[in-house]
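S.K.: sharing a model prediction with you, sequence too.
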Amino acid sequence: MSVLYNTVTVNGEAFNCFNSMSLYDLILYLNFDLNTIIVEYNQEIIPNHKFDNLILKHQDKLEIITIVGGG
């Protein structure tokens, strides 16, 4: 029997996602603006151009930080 879902942690909260979901897919699903975030994936900062090629695995840990400008 194959597992259809992986459980990952996003900003401290458990999240179930399809086992073929990329980081890019997850970010879009969660409605983050790709131009205003920094993503830490298992304690490593991931450049935006690698989001689509990174497939999430069970127990991955993500921190998604939104950059806010101000003056």
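M.R.: Thanks, I have it.

S.K.: so which residues of the chain form helices?
M.R.: In the chain, the helices defined using DSSP state H lie at 23-29.

S.K.: closest to the centroid, which residue in it?
M.R.: Leu23 (4.4 Å; Cα atoms, centre = their mean).

S.K.: do I have it right that that residue meets Tyr41?
M.R.: Yes: Leu23 lies in contact with Tyr41 (Cβ atoms under 8 Å); the separation is 6.7 Å. Backbone N, C-alpha and C define where each C-beta goes, glycine included.

S.K.: please enumerate the shared neighbours of those two.
M.R.: Taking Cβ atoms under 8 Å, 6 or more residues apart in numbering as the contact criterion, the common neighbours of Leu23 and Tyr41 are Leu54, Leu62.

S.K.: contact partners for Leu56?
M.R.: Asn6, Val8, Cys17, Asn19, Met21, Ser22, Leu23, Leu26.

S.K.: just the buried subset of those residues, please.
M.R.: Asn6, Val8, Cys17, Met21, Ser22, Leu23, Leu26 (16 or more other Cβ atoms under 10 Å).
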